[in-house]
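A.B. asks: sequence? don't have it. structure:
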Ligand SMILES: CC(C)(COP(=O)(O)OP(=O)(O)OC[C@H]1O[C@@H](n2cnc3c(N)ncnc32)[C@H](O)[C@@H]1OP(=O)(O)O)[C@@H](O)C(=O)NCCC(=O)NCCS
């Protein structure tokens, strides 16, 4: 799925099977809190395994990917990227910083959001626009949530600051499975794509290296 949502300058890797976190292959596990439970260790290690596979696909050295104080991945110099996991699925995407300023990816189960959550993550203007879209069989509300999570994962490493769900404006094109998100200045609107398959949604955004207004 990840290949379908990434632009050409971004390399991705994904898996539906977890690696064994008790091997010595993942020194990054030391960044997790003591007594972290095994399912989370496996999820984290598998995200890192995808990160290395994506780095190899990009032609970059596939070393450890650390973890910053805000849980953000720490990529090797000259690389930007993003990691996601949801039940039964893990993925990573990376690009060279000279071509792409930031990448964000997110995976979600393809299920509706609660009306309360949908109201919390969208503005009235977005809800009006989404309600006017042609009817589709996909859960647009969850796609919007995932797209905004992807935006956050690109935004935070780029700015070091928070971004609320209603600080942006998302427009969805369900025919082309694309979306555009207007960001606070000085950033130009960021473009993204989504895919829905096997009960999952995957979204991705890439901010071009010259992605300022
Ligand atoms: C950071 C956040 C988006 C991660 O969401 P999540 O549901 O845990 O998503 P996923 O499981 O798909 O992804 C987790 C991965 O995101 C990455 N991540 C976590 N915090 C991050 C950050 N601050 N910046 C960039 N990437 C981050 C990590 O790689 C993490 O995996 P790891 O801990 O195994 O390395 C979410 O926790 C959050 O804080 N959301 C609120 C902010 C937001 O989305 N605003 C919308 C703005 S439009």
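C.D. replies: Here it is on my side, so go on. Just so it is clear, the structure is predicted and the values come from calculations on it, not from any experiment.
A.B. asks: For the residue lying closest to residue 2 once chain neighbours are set aside, pull up the helix or strand it's in.
C.D. replies: Sequence neighbours aside, residue 12 is the residue nearest to residue 2 in space, at 3.8 Å (criterion: Cβ to Cβ, 6 or more residues apart in numbering). In short, each C-beta sits where N, CA and C put it, glycine included. Element membership for residue 12 (DSSP states H and E) is strand 10-15.
A.B. asks: ok, now residue 156?
C.D. replies: helix 140-159.
A.B. asks: check whether stretch 57-72 contacts the ligand.
C.D. replies: Yes. Contact of stretch 57-72 with the ligand (Cβ under 6 Å from any ligand atom) involves 67, 70, 71, 72.
A.B. asks: any idea whether residue 83 is helix, strand or coil?
C.D. replies: strand (DSSP: H, G, I helix; E, B strand; the rest coil).
A.B. asks: is it in a bridge, and if so with what?
C.D. replies: Beta-bridge pairing for residue 83 (DSSP bridges): residue 92.
A.B. asks: Count the neighbours of it for me.
C.D. replies: 25 (other Cβ atoms under 10 Å).
A.B. asks: Does it touch residue 71 like I think?
C.D. replies: No. Contact criterion Cβ atoms under 8 Å: residue 83 and residue 71 do not qualify, at 10.0 Å.
A.B. asks: circling back: where's the next helix or strand after the strand holding residue 12 relative to the chain centroid, distance-wise?
C.D. replies: Downstream of strand 10-15, the first helix or strand assigned by DSSP H and E is helix 38-58. Centroid separation for helix 38-58 versus its chain: 14 Å, with Cα atoms, centre = their mean, to the nearest Å.
A.B. asks: who touches residue 64 in this structure?
C.D. replies: Residue 64 is in contact with 26, 27, 28, 48, counting by Cβ atoms under 8 Å, 6 or more residues apart in numbering.
A.B. asks: Let me know the closest of these to residue 59.
C.D. replies: residue 48 (18.7 Å; Cβ to Cβ).
A.B. asks: And that closest one, how close does it get to the ligand?
C.D. replies: Computed with Cβ to the nearest ligand atom, to the nearest Å, the distance linking residue 48 and the ligand is 7 Å.
A.B. asks: So for that residue, what pLDDT did the model give?
C.D. replies: With respect to pLDDT, residue 48 scores 97.
A.B. asks: Report the contact partners of the closest residue to residue 121 other than its chain neighbours.
C.D. replies: Counting by Cβ to Cβ, 6+ apart, residue 165 is the residue found nearest to residue 121 once chain neighbours are left out, at 4.0 Å. Residues near residue 165 by Cβ under 8 Å, 6+ apart: 120, 121, 122, 148.
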